[in-house]
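In: below are the sequence and a predicted model; questions follow.
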Amino acid sequence: MVDVAKFEKQLLARKKELEQRLQGIEHDLDEPMSKDVEDRATEREGDEVLESMGNVGLDELEAINAALERVKKGTFGECVSCGEPVSEARLETVPTATLCRNCM
């Protein structure tokens, strides 16, 4: 039997961490551009990296919210495809996992 409370705690902690990181990225992207052309080019490159990191973070946040919704519904740890349990080892590695080993 999967310790749902343990995974919920991990998911909530990761969610909080991601939200803080995403706020920092948003703040950095809102900074005004330098007036120097060379500096602006470097800043644009940095902004592209930040946007990419932000998109990855948003994707992970979406997966975490979906996992927390499954916790709320009482279906966390069940394969969304076949209904069989997702192994605890898999959830340890990927707490947002939605599929069991057979359905992957």
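Out: Cool, the structure landed.
In: going forward, measure contacts between C-alpha atoms and count neighbours the same way
Out: Fine.
In: give me the low-pLDDT residue ranges for the protein?
Out: Regions of the chain meeting the criterion pLDDT under 70 cover residues 34, 36-37, 39-41.
In: the residue nearest in space to the middle of it sits in which helix or strand?
Out: With the centre of the chain defined as its mean C-alpha position, the nearest residue by C-alpha atoms, centre = their mean is E60, 1.9 Å away. Per DSSP states H and E, E60 falls inside helix 37-73.
In: and that helix, what's buried?
Out: Counting neighbours by 16 or more other C-alpha atoms under 10 Å, one finds that the buried residues in helix 37-73 are 43, 47, 50-51, 54, 57, 60-61, 63-68, 70-71.
In: ditto for stretch 9-21
Out: Residues of stretch 9-21 classed as buried under the neighbour-count rule (16+ other C-alpha under 10 Å) are L11, K15, L18.
In: for the last one, what are its contacts?
Out: The one in question is L18. Applying C-alpha atoms under 8 Å, 6 or more residues apart in numbering to L18 gives the contacts G57, L61.
In: measure how whichever strand or helix holds it sits relative to helix 37-73, angle-wise.
Out: Under the assignment given by DSSP H and E, the secondary-structure element containing L18 is helix 4-30. Per axes from the mean of the first three to the mean of the last three C-alpha atoms, to 10 degrees, the angle that helix 4-30 makes with helix 37-73 is 160 degrees.
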